[in-house]
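Student: let's see this in three dimensions:
(2 chains)
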Amino acid sequence: MGITVVEVTKQFGDFVALDDVSVAIPEGSLTALLGPSGSGKSTLLRVIAGLEEPDRGQVLLGDDDVTQQPARARGVGMVFQHYAAFKHMTVWENVAFGLKVRKRPKDEIRKRVHELLELVQLEGLAKRYPAQLSGGQRQRMALARALAVDPEVLLLDEPFGALDARVRKELRAWLRRLHDEVHVTTIIVTHDQEEAMEVAGQIVVINQGRVEQVGTPRELYDSPANESS
Amino acid sequence: MIARYSLRFGALGYLAFLLLVPVGLVFYRTFEHGFQPAWDAVTNPQALHALWLTLLIAAIAVPANTLFGVVLAIALVRHRFPGRGLVNAIVDLPLALSPVVVGFSLYLLYGTGGWLGGLSDHGIKILFALPGMTLATIFVSLPFVVREVVPVLREIGTDQEQAAETLGAAPFTTFRRITLPAIRWAVCYGVVLTTARVIGEFGAVSIVSGRIEGKTETLPLYVQSQFEGFNTTGAFAASVVLALIALATVLAMRMFRPREGVG
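Tutor: Below you'll find the predicted structure:
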């Protein structure tokens, strides 16, 4: 499902986080929101997720205006920078959470969680608690949890930011492959140019609450609008 | 070396002198003439009624302050509302205010000529009855759950709650499945502290209860009345019951404290 953001403005007190931002994310794409910290890229992601309410403007998922809908009704999967693992639940329970609150039948939950743990290569760790996992494993668990409810769109907020360089590189390649397999419309927020170039099919450069440039990694590499970004 | 030992003995000696010796003496004096007189002193109808009343008030005040404390802690940490700073300061008021003042203000409010003094004309008895005593007790034990839960709520942040929300959980489901398990040890510890405070409350209850023997006398009030009536065995024995409840509370604290933050 495509995502359309129309003239969204969001202020926190005097600080303008998003200044009249419009952007279109094509269905099935993997798009990176690239910008320095404080540029508004995370706020834009959170507005799309429904975790922040924009002061003005609209968010469309497909053809539906979801601006007034709460996050829980939007059918988005979200992955947070610091994992947001449910600490008192096992890996299995974390992944099953979304299905349980949707009151899916037990057999279906068991089957789906099993599939997902296989997909993120955590089958053997189902009974562990998040505290017993490495950072990379925790983030794969968070990804499985977000995918469990078959989201229309997948939103990743600096998902590899808290990981060391080697794990980050591995997970990037893995996310790329995963996207080729699952084809869910995905947005990844990052401040790392290399990460955006490597993983995304489309890059949206954001700076000071505005969209500066939109293009494929190739286009941005050949003709950057702003040398410094 | 010497400095370390003198520090250790200094601290222990201070505690022993201030706490252990007096409390130990109460135990000693209670059982000085054997177990039977002490047992008789705490199983007479007046003492039993006082114990029952103390437990009854605890059974109302502790759940009330637990529920209120959790709701207030969430409001203070997770929401921005006008007057938030003021509410935050008022929560601490019972810690700073002498319980006698609390009792006296309730007396003025509900007593003859007070703003709510008319209630008794309609058959609603607040003063010198269970409602007034419970109100006074709730007032003085109000801060404990709030103060335990607030820092834990701050520490866990909103990430897990927001993750649950994006996964389709309604606000109450998120509270029950995510927030509550994360703060449960803080709540338990707050409950233990509240219970300790409630069981031992004397000053405020002493004023609003009217101290009617066998009717509005809690266990601490009973200790006082026995002491004033020169029935030292009764006073000591009831004190021992209070001390034993306190001991059980302290043990409960030891159980909860180290695990806090793990869940």
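Student: residues from chain B in reach of chain A?
Tutor: Applying C-beta under 8 Å from any C-beta of the partner chain, we find that chain B lies next to chain A at B:159-160, B:162-170, B:173, B:177-178, B:181-182, B:263. Quick note: C-beta positions are derived from backbone N, CA and C, even for glycine.
Student: those residues in helices, which ones?
Tutor: Within these, residues falling in helices by DSSP state H are B:159-160, B:162-166, B:173, B:181-182.
Student: determine which two of these are furthest apart.
Tutor: Spatial extent of these (C-beta to C-beta) is set by the pair B:Thr166 and B:Pro181 at 18.6 Å.
Student: between those two, who's got more neighbours?
Tutor: Set B:Thr166 next to B:Pro181 and count neighbours by other C-beta atoms under 10 Å in any protein chain shown: B:Thr166 wins out with 28 against 15.
Student: so what's the residue nearest to that one when sequence neighbours are not counted bridging to?
Tutor: If the residues on either side of it in the chain are set aside, B:Thr166 comes closest to A:Met78, at 4.2 Å by C-beta to C-beta, 6 or more residues apart in numbering or on different chains. Bridge pairing for A:Met78 (DSSP bridges) gives the partners A:Leu155.
Student: so for stretch B:142-151, mean pLDDT?
Tutor: Stretch B:142-151 shows a mean pLDDT of 95.
Student: ok, now stretch B:20-38?
Tutor: The pLDDT scores in stretch B:20-38 average 88.
Student: repeat for stretch B:81-89
Tutor: For stretch B:81-89, the per-residue pLDDT averages 91.
Student: quick one: the helices in chain A?
Tutor: Using DSSP H, helices in chain A cover A:41-49, A:91-101, A:106-119, A:135-147, A:165-182, A:193-199, A:217-222.
Student: tell me if the third one is near chain B.
Tutor: No: contact of helix A:106-119 with chain B (C-beta under 8 Å from any C-beta) is absent, the minimum separation being 13.0 Å.
Student: pull out the buried residues from that helix.
Tutor: A:109, A:112-113, A:116-117, A:119 (16 or more other C-beta atoms under 10 Å in any protein chain shown).
Student: with the fifth one instead?
Tutor: Neighbour-count burial for helix A:165-182 flags A:167-168, A:171-172, A:175, A:178-179 (criterion: 16+ other C-beta under 10 Å).
Student: would you mind listing what in chain A touches chain B?
Tutor: A:49-51, A:70-74, A:76-78, A:80, A:82-88, A:97-98, A:101-102, A:142, A:145-146, A:148-149.
Student: does B:Arg29 touch B:Phe227 like I think?
Tutor: No: contact criterion C-beta atoms under 8 Å: B:Arg29 and B:Phe227 do not qualify, at 11.9 Å.
Student: ok, back up a step: mind checking which of the helices of chain A is nearest B:Tyr5?
Tutor: Taking those one by one with C-beta to C-beta, helix A:135-147 is closest: 45.5 Å.
Student: CA atoms of the closest one as CSV?
Tutor: Only the C-alpha atoms of helix A:135-147 are listed here, as CSV (Å, rounded to 0.1, in the frame of the first residue of the first chain):
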residue,chain,number,x,y,z
GLY,A,135,21.3,-6.2,20.1
GLY,A,136,21.1,-7.7,16.6
GLN,A,137,18.9,-10.5,17.9
ARG,A,138,16.6,-8.1,19.7
GLN,A,139,16.1,-6.0,16.6
ARG,A,140,15.3,-9.1,14.5
MET,A,141,12.8,-10.0,17.2
ALA,A,142,11.3,-6.5,17.0
LEU,A,143,11.1,-6.9,13.2
ALA,A,144,9.3,-10.2,13.5
ARG,A,145,6.9,-8.7,16.0
ALA,A,146,6.1,-5.8,13.6
LEU,A,147,5.6,-8.2,10.7
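Student: which residues make contact with it from outside it?
Tutor: With C-beta atoms under 8 Å, 6 or more residues apart in numbering or on different chains as the test, helix A:135-147 has contacts from A:77-80, A:83-85, A:91, A:94-95, A:97-98, A:116-117, A:119-122, A:125, A:130, A:133, A:154, A:156, A:159-160, A:162-164, A:167, A:170-171, A:174-175, A:178, A:182, A:184, B:163, B:166-167.
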